[in-house]
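Enquirer: next come a sequence and a model predicted from it.
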Amino acid sequence: MKSSTIPSLRVKPELRQAAEDVLREGETLSSFMQEALLAGIQQRKAQQEFIARGLASKTEAQRTGEYFSGEDVFDELNGMLNQAEEENTK
């Protein structure tokens, strides 16, 4: 597949300098921008999926009438975390 370009981006000199200041050894500004773009895309996809799961859960709760309190959910998640931590220390 052919590669394509992203439209050029005009930024203030301070932003460009800030980006250049955090480049790792051997990293180019272009590769940094590509990595940032990919991270932004992944974050937005994850956010969209999270919202979709939440809306589906809301619909299911409305359909069944089964709701859980935040405290109950927190307690269950905390128990799962404690169990995972115990398994990791073995």
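Expert: Good, I have the coordinates. Numbering: from 1, shown residues only.
Enquirer: name the next helix or strand downstream of the lengthiest helix in the chain, please.
Expert: Of all the segments assigned as helix in the chain under DSSP state H, the longest by residue count is helix 29-64. Towards the C-terminus, the helix or strand next in line after helix 29-64, according to DSSP states H and E, is helix 70-88.
Enquirer: spatially central residue for the protein, please.
Expert: Per Cα atoms, centre = their mean, the C-alpha nearest to the average position across the chain is that of residue 43, at 3.5 Å.
Enquirer: what's near enough to touch that residue?
Expert: Applying Cβ atoms under 8 Å, 6 or more residues apart in numbering to residue 43 gives no contacts. Backbone N, C-alpha and C define where each C-beta goes, glycine included.
Enquirer: check it and give its pLDDT.
Expert: Model confidence at residue 43, expressed as pLDDT, equals 98.
Enquirer: what separation do you get for it and residue 19?
Expert: With distances taken as Cβ to Cβ, to the nearest Å, residue 43 is found 18 Å from residue 19.
Enquirer: to the chain's geometric centre, what's the distance from the longest helix of the chain?
Expert: Its chain's C-alpha centre lies 7 Å from the corresponding centre of helix 29-64 when counted by Cα atoms, centre = their mean, to the nearest Å.
Enquirer: could you measure from residue 40 over to residue 47?
Expert: Computed as Cβ to Cβ, the residue 40 to residue 47 distance reads 10 Å.
Enquirer: next: residue 28.
Expert: Separation of residue 28 from residue 47 (Cβ to Cβ) stands at 28 Å.
Enquirer: relative to the whole chain's centre, how far out is the helix or strand harbouring residue 17?
Expert: Counting by DSSP H and E, the element that carries residue 17 is helix 13-21. For helix 13-21, the separation from the chain centroid amounts to 24 Å (computed by Cα atoms, centre = their mean).
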